[in-house]
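Q: Kindly generate the corresponding structure for this input.
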Amino acid sequence: MTHSSHSPSFAPRHRWKVLAAGVAANAAFSVAFSGIPMTAVLMRTGYQLDNATLGLVLGLMGLGIAVSELPWGLLTDRWGDRPVLLTGLGSTAVALVAMALWAAPNAQHIPGLGWLAAGLLLVGLLGGSVNGASGRAVMTWFDAGERGLAMSIRQTAVPLGGGIGALVLPFVTLHFGFAALYGLLALLCALSAAMSWAWVHEPPIAPRSTKAAATTEVRAAPKSGPLRDARVWRIVLGIGILCAPQFAVLSFGTVFLHDFGHAGFATITATMVFTQVGAMVTRVWSGRWTDRRRNRPAYLRACSALSVLLFAALAVLVMAAGTHVADSSALRIALVVLLGVSGVCVSAWHGVAYTELATLAGAARAGTALGMANTSVFLVCFVTPFSIPHLLALQGWSLVWLAASACALVAMPLLVPRPDTAAAVDQNVAKTALSRST
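A: Residues are numbered from 1 along each chain as shown. Just a heads-up that it's a prediction; the model follows:
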C-alpha cells in the first residue's frame with residue numbers, strides 16, 4: 001500500500017477513531033444481520049411462513065454476504081477502506097428503505113415471499129462490505145502488539161449489534177411493524193457511513209513497529225497471495241465451520257426457546273441479549289489476554305473443545321426433557337442457561353481467529369484474507385438456518401444440537417495450526433519484538 005505525500009497527518013491516537021468507526025459500521029450492519037432473526041417468531045406470523053420457508057428466508061441474507069465478501073475484500077485491498085465502507089453502507093441504507101416501502105407486511109397487505117427474499121439477499125450483498133474493510137483498517141493502523149486487542153474490539157461489533165437487535169428489534173416490530181424495523185436499520189447504516197466519512201483514512205506513515213511487523217509478515221506470506229495459501233484456507237474453513245453452532249443459536253435460538261422451552265417473550269429476549277453481551281465481553285478479554293500470552297492457537301483449541309461439550313450437553317438435556325419441559329421450571333431454566341452459555345462460548349473466539357488469519361496473510365492482503373473468511377462464514381450462515389428445519393423433522397432439537405457439537409469438533413484441528421506452522425508464527429513474533437526493542 002502506498003501513501004501520498006499530500007496525505008493528511010494524524011495523531012497516533014487517531015487509530016482509535018478509525019477503530020470506533022469500524023466498530024460502528026460492523027455494529028450497524030450486525031443489528032440487521034443478527035437482529036432480524038431475533039424477530040423470527042414475529043416474522044413467521046407476519047409473513048405467514050412455515051419453519052422451512054422461515055429458515056430459507058433467514059439464510060438468504062447470509063448467502064448475499066457470502067457471495068459478496070471476497071469481491072468486497074479484493075476491492076478493499078485495491079481502493080482502500082474508506083471508499084468501500086461509504087459505498088457499502090450507503091447502498092445498504094437505500095436497500096433497507098426500499099424494504100420498508102415495499103416488503104413490510106401490514107394489516108391490509110402481506111408482500112409476496114419474493115419481495116422479502118430479494119430484499120434480504122440484497123441487504124446481504126451490499127452490507128458485506130463492512131467486514132473486510134474495517135478489518136483491513138485495524139491491520140494497517142495498529143502495530144503487532146495491539147492487533148489482537150483491536151481486532152477483538154472490532155469483532156465485538158457483531159454481538160454488540162446482535163444485542164441491540166435482540167433488545168430493540170422485537171419490541172419495535174411488535175409495536176410498530178416491520179416497516180419501522182427496516183427504517184430504523186437504514187438510519188443506523190446512514191449514521192455509521194457518516195462516521196466512516198469523518199474518521200476512516202489511510203495511515204499516512206506507518207509506525208516503525210508496524211513496518212517491522214509488515215516486513216516479517218511479507219517474509220512469512222507466500223508471494224502468490226492468500227488465495228493460493230493452503231494455511232490460509234485451513235483457517236478459513238475452520239472459522240466457517242465453527243460458526244455453524246453460533247448461527248444455530250442466533251437464527252433458531254428464539255424458536256427453540258419458544259417452541260420447545262415454552263419460554264415467554266421476556267425470557268427469550270433476556271437470553272439473546274445475555275448471549276450477545278457475553279460474547280462482547282469475552283472477545284475483548286480474549287484479544288487482550290492472547291496478545292499478552294501469545295497463545296492464540298491454544299485459546300482457539302480450548303474454545304472449540306468447550307463448545308463441543310456444551311452443545312453435546314444441550315442435546316442430552318433436550319433428550320432427557322422429552323415432552324415434559326412445560327411441567328418443570330427447573331428444566332426450562334436449565335435449557336435457557338445452557339443455551340446462553342453455549343452461545344457465548346461459541347462466539348468468543350472470533351477476534352483471536354481473525355487476528356491469526358490476518359497476521360498470516362499480511363496487513364497488505366488482510367482485506368482479501370478476511371473476505372475469504374467471511375465468505376466461508378456466511379455460506380455457513382446460509383446453510384445453517386436452511387438445514388435446521390430438516391434436522392428438526394428428522395429427530396427434533398436433540399439432533400440440531402448434536403450437529404452443532406459435531407461442527408465444533410470438526411473445526412478444532414482446522415483452526416489450530418500444525419506444529420511447523422505454529423513454530424513459524426512464534427519465530428515471526430519474536431523477530432517483531434526484537435525489531436521493536438532495537
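
Q: could you give the mean pLDDT of stretch 355-366?
A: Summarised as a single mean, pLDDT over stretch 355-366 is 84.

Q: and it, how far out from the chain's middle?
A: Stretch 355-366 sits 17 Å away from the centroid of its parent chain (C-alpha atoms, centre = their mean, to the nearest Å).

Q: With just CA atoms, put stretch 276-288 into PDB.
A: Coordinates of the C-alpha atoms in stretch 276-288 are reproduced here as PDB (Å, rounded to 0.1, in the frame of the first residue of the first chain):
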ATOM      1  CA  GLN A 276     -24.500 -11.200  22.700                       C
ATOM      2  CA  VAL A 277     -23.200  -9.200  25.700                       C
ATOM      3  CA  GLY A 278     -21.300 -12.200  26.900                       C
ATOM      4  CA  ALA A 279     -19.800 -12.600  23.500                       C
ATOM      5  CA  MET A 280     -18.700  -9.000  23.500                       C
ATOM      6  CA  VAL A 281     -17.000  -9.200  26.900                       C
ATOM      7  CA  THR A 282     -15.200 -12.500  26.200                       C
ATOM      8  CA  ARG A 283     -14.000 -11.200  22.800                       C
ATOM      9  CA  VAL A 284     -12.300  -8.100  24.300                       C
ATOM     10  CA  TRP A 285     -10.800 -10.100  27.100                       C
ATOM     11  CA  SER A 286      -9.600 -12.900  24.900                       C
ATOM     12  CA  GLY A 287      -7.900 -10.400  22.500                       C
ATOM     13  CA  ARG A 288      -6.000  -8.700  25.300                       C
END
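
Q: buried residues in it?
A: Neighbour-count burial for stretch 276-288 flags 276-280, 282-284, 286-288 (criterion: 16 or more other C-beta atoms under 10 Å). Glycine gets a C-beta too; all of them are placed from N, C-alpha and C.

Q: Show me where this protein dips below the pLDDT cut-off.
A: Low-confidence segments of the chain (pLDDT under 70): 1-8, 204-224, 323-327, 417-438.

Q: Could you find the residue nearest the spatial middle of the protein?
A: For the chain, the residue nearest the mean C-alpha position is residue 158 (5.1 Å; C-alpha atoms, centre = their mean).

Q: element containing it?
A: In the assignment (DSSP states H and E), residue 158 maps to helix 157-176.

Q: Quick check: buried residues in that helix?
A: So helix 157-176, judged by 16+ other C-beta under 10 Å, has buried residues 157-170, 172-173.

Q: contacts for it?
A: 22-36, 38-39, 42, 46, 180-181, 184, 250, 265, 269, 272-273, 275-280, 283, 347, 350 (C-beta atoms under 8 Å, 6 or more residues apart in numbering).

Q: Spell out, range by range, the helices that occur in the stretch 201-350 of the chain.
A: For the stretch 201-350 of the chain, the helices defined by DSSP state H, counting those that start in this stretch occupy 208-220, 230-259, 265-293, 296-321, 329-345, 350-361.

Q: Pick the most deeply packed of those.
A: For those, average neighbour numbers computed from mean count of other C-beta atoms under 10 Å are highest in helix 350-361, which has a mean of 27.

Q: Send me that helix as PDB with only the CA atoms.
A: C-alpha atoms of helix 350-361 as PDB (Å, rounded to 0.1, in the frame of the first residue of the first chain):
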ATOM      1  CA  HIS A 350     -13.700 -14.600  16.600                       C
ATOM      2  CA  GLY A 351     -11.300 -11.700  17.200                       C
ATOM      3  CA  VAL A 352      -8.500 -14.100  18.000                       C
ATOM      4  CA  ALA A 353      -9.000 -16.300  14.900                       C
ATOM      5  CA  TYR A 354      -9.300 -13.300  12.600                       C
ATOM      6  CA  THR A 355      -6.100 -11.800  14.000                       C
ATOM      7  CA  GLU A 356      -4.300 -15.100  13.400                       C
ATOM      8  CA  LEU A 357      -5.600 -15.200   9.900                       C
ATOM      9  CA  ALA A 358      -4.800 -11.600   9.000                       C
ATOM     10  CA  THR A 359      -1.300 -11.900  10.500                       C
ATOM     11  CA  LEU A 360      -0.700 -15.000   8.400                       C
ATOM     12  CA  ALA A 361      -1.800 -13.200   5.200                       C
END
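
Q: counting contacts, what elements does that helix pack onto?
A: Judged by 3 or more C-beta pairs under 8 Å, 6 or more residues apart in numbering; DSSP states H and E, the packing partners of helix 350-361 are helix 129-141, helix 147-155, helix 208-220, helix 230-259, helix 265-293, helix 296-321, helix 366-395, helix 419-437.

Q: just how off-centre is that helix within its chain?
A: On the basis of C-alpha atoms, centre = their mean, helix 350-361 sits 13 Å off its chain's mean C-alpha point.

Q: Check stretch 92-109 too.
A: Using C-alpha atoms, centre = their mean, the offset of stretch 92-109 from its chain centre is 25 Å.

Q: which of the residues in it are buried?
A: Within stretch 92-109, the residues scored as buried using 16+ other C-beta under 10 Å are 92-93, 95-100, 103-105.

Q: Now, those residues that are in helices?
A: Among those, DSSP state H puts 92-93, 95-100 in helices.

Q: Tell me how far the nearest residue in space to residue 328 that is not next to it in sequence lies from residue 314.
A: Using C-beta to C-beta, 6 or more residues apart in numbering and skipping the chain neighbours, the partner closest in space to residue 328 is residue 321 (7.6 Å). Remark: distance between residue 321 and residue 314 (C-beta to C-beta, to the nearest Å) = 10 Å.

Q: Quick check: neighbours shared by the two?
A: The contact lists of residue 321 and residue 314 share residue 335, where a contact means C-beta under 8 Å, 6+ apart.

Q: related to what we said a few turns ago, okay, the helices and strands packed on helix 350-361 in a markdown table with distance to residue 121 next?
A: A markdown table is the format used below for the helices and strands packed on helix 350-361 (distance: least, C-beta to C-beta, whole Å):
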| stretch | distance to residue 121 |
| --- | --- |
| helix 129-141 | 15 |
| helix 147-155 | 25 |
| helix 208-220 | 36 |
| helix 230-259 | 16 |
| helix 265-293 | 24 |
| helix 296-321 | 29 |
| helix 366-395 | 10 |
| helix 419-437 | 37 |
